[in-house]
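> below is the structure, and that's it, no one-letter string:
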């Protein structure tokens with residue numbers, strides 16, 4: 001019997017985790033009884049009591065599992081890490097706020113059985129704020145034009161990923177993964193399922209200007225060269241304009257020596273303009289450097305505080321998704337010993 005894993009990342013979703021678990025269990029038992037399943041919640045350090053509810057849900061159903069992060073590791077690392085922890089033949093990732101309809105699950109599975117190793121949901125319309133919808137559309141259009149890699153418009157990460165693709169993700173070992181770009185760049189042939197995105201069932205969205213900006217910068221610095229190229233072109237363009245203006249000022253001064261006082265205003269305006277250009281592109285270059293810095297440091301995707309209902313071996317050590325026992329921590333190791341040579 002094939003096993004389907006459903007991954008639900010959550011953060012401060014105490015009003016949604018219970019109904020979401022009920023909806024998915026009902027969907028799997030009634031519509032897909034021929035499959036075994038596991039429902040995995042990965043909680044990104046919620047502060048509103050979400051974890052207490054998850055403990056109760058897990059206690060009532062051993063097929064429901066939970067991973068509690070030691071702190072908030074961001075909107076990209078946590079789901080990516082969760083995908084690597086599931087044990088099914090495929091994983092279906094969905095939001096906890098019901099904006100990814102549970103009714104998509106049978107459609108995902110159907111196309112998976114038809115041979116697609118990646119089946120994703122594409123928002124063709126949305127009941128969100130129309131202004132936000134407009135800006136999102138503009139962003140997708142711009143990034144698609146700038147990127148050397150194909151980018152998928154209105155794709156939030158919701159979809160089904162086959163075990164073969166999960167192993168590709170595992171081999172990447174990327175400390176700052178951008179799932180939407182990875183699916184477009186490295187994914188197998190995929191099937192896109194259109195859907196209308198409903199409003200959140202309850203609670204408030206956790207997206208704000210900073211989180212949206214962070215997502216935009218991660219996609220730009222990971223999949224485009226536009227920042228570096230624009231800086232070069234802008235420098236050349238401003239240099240040409242400055243040269244032309246300098247020649248014009250010189251000619252006007254020579255032909256109207258007594259009637260044309262150049263003054264300091266043009267010089268001041270030019271300095272302020274060039275200063276603004278330099279500051280803007282210094283910040284833009286900083287985004288690329290920050291991206292490189294995070295990859296060089298290569299910190300862990302997530303540090304776990306607790307996991308519930310995951311299998312353990314006879315020694316109480318957790319079992320890896322591939323079925324092997326995780327290597328136990330050796331507390332007796334001499335910290336002053338010479339490091340192993342690889």
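Cool, got the structure. None of these values were measured; they are calculated from a predicted model.

> check which residues of the helix or strand harbouring residue 9 are buried.
Element membership for residue 9, per DSSP states H and E: strand 3-10. Buried residues in strand 3-10, counted by 16 or more other Cβ atoms under 10 Å: 4-10. C-beta coordinates here come from the backbone N, C-alpha and C atoms, glycine included.

> just checking, what packs against that strand?
Counting contacts by 3 or more Cβ pairs under 8 Å, 6 or more residues apart in numbering; DSSP states H and E, strand 3-10 packs against helix 17-31, strand 36-43, helix 77-85, strand 90-93.

> does the residue in the chain sticking out farthest from the centre sit in a helix, a strand or a coil?
Distance to the chain centre peaks in the chain at residue 258, reaching 63.5 Å (criterion: Cα atoms, centre = their mean). Assigned with DSSP: H, G, I helix; E, B strand; the rest coil, residue 258 falls in the coil class.

> and it, how far from residue 282?
42 Å (Cβ to Cβ, to the nearest Å).

> same check on residue 300?
To residue 282, residue 300 is 31 Å away according to Cβ to Cβ.

> ok, residue 106 next?
Distance, residue 106 to residue 282, by Cβ to Cβ: 51 Å.

> these two: which has the busier surroundings?
Higher neighbour count among residue 106 and residue 282: residue 106, with 13 against 10, using other Cβ atoms under 10 Å.

> wait, the more buried one touches residue 24, no?
No: counting by Cβ atoms under 8 Å, residue 106 does not reach residue 24; the two are 11.7 Å apart.

> show me where the chain has its strands.
3-10, 36-43, 64-69, 90-93, 118-126, 159-162, 190-197, 304-308 (DSSP state E).

> quickly, which of those bottoms out on average pLDDT?
Here the lowest mean pLDDT among the strands of the chain goes to strand 118-126, at a mean of 86.

> adding distance to residue 169, write the strands of the chain out as CSV.
Below are those laid out as CSV (distance: least, Cβ to Cβ, whole Å):
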stretch, distance to residue 169
strand 3-10, 12
strand 36-43, 15
strand 64-69, 16
strand 90-93, 10
strand 118-126, 11
strand 159-162, 8
strand 190-197, 14
strand 304-308, 18
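
> nearest to residue 253, of those strands?
strand 118-126 (58.7 Å; Cβ to Cβ).

> picking that back up, what lines up beside the strand holding residue 9 in the sheet?
strand 36-43 (parallel), strand 90-93 (parallel) (DSSP bridges).

> buried deepest among the ones you listed, which one?
Highest mean neighbour count among those (mean count of other Cβ atoms under 10 Å): strand 90-93, with a mean of 26.

> any residues touching that one, and which ones?
2, 4-9, 79, 82-83, 105, 108-109, 112, 157-163, 166 (Cβ atoms under 8 Å, 6 or more residues apart in numbering).

> determine how far that strand lies from the middle of the whole chain.
16 Å (Cα atoms, centre = their mean, to the nearest Å).

> same deal with stretch 181-194?
With Cα atoms, centre = their mean, you get 14 Å for stretch 181-194.

> so which of the strands of the chain gets nearest residue 292?
strand 64-69 (25.0 Å).

> for residue 298, what are its contacts?
Contacts of residue 298 (Cβ under 8 Å, 6+ apart): residue 175.

> look up how far residue 173 lies from it.
From residue 298 to residue 173 the distance is 8 Å (Cβ to Cβ).

> switch the strands paired with strand 3-10 over to a markdown table; also include distance to residue 292.
Listed next are the strands paired with strand 3-10 as a markdown table, based on distance: least, Cβ to Cβ, whole Å:
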| stretch | distance to residue 292 |
| --- | --- |
| strand 36-43 | 27 |
| strand 90-93 | 28 |
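
> what is the neighbour count of residue 199?
For residue 199, the neighbour count with other Cβ under 10 Å is 13.

> residues contacting residue 34?
With Cβ under 8 Å, 6+ apart, residue 34 has these contacts: residue 1.

> same question, the one 4 residues further on
Contact analysis of residue 38 by Cβ under 8 Å, 6+ apart lists 3-6, 63-65, 86-88.

> make it 6 Å
By Cβ atoms under 6 Å, 6 or more residues apart in numbering, residue 38 lies in contact with 5, 63.

> state the distance from it to residue 58.
Applying Cβ to Cβ to residue 38 and residue 58 gives a distance of 11 Å.

> the longest helix in the protein is where?
Counting residues, the longest helix found in the chain (DSSP state H) is helix 265-297.

> that older thread, out of the strands paired with strand 3-10, nearest to residue 251?
strand 90-93 (64.6 Å).

> relative to residue 307, how far out is residue 58?
Residue 58 is 10 Å from residue 307, where distance means Cβ to Cβ.

> more crowded one of those two?
In terms of neighbours (other Cβ under 10 Å), residue 58 is the more surrounded of residue 58 and residue 307; the figures are 19 against 16.

> who is the closest residue in space to that one that isn't next to it in sequence paired with across the strands?
In space, and not counting its chain neighbours, residue 58 is closest to residue 308: 4.5 Å by Cβ to Cβ, 6 or more residues apart in numbering. Beta-bridge partners for residue 308, by DSSP bridges, are residue 66.
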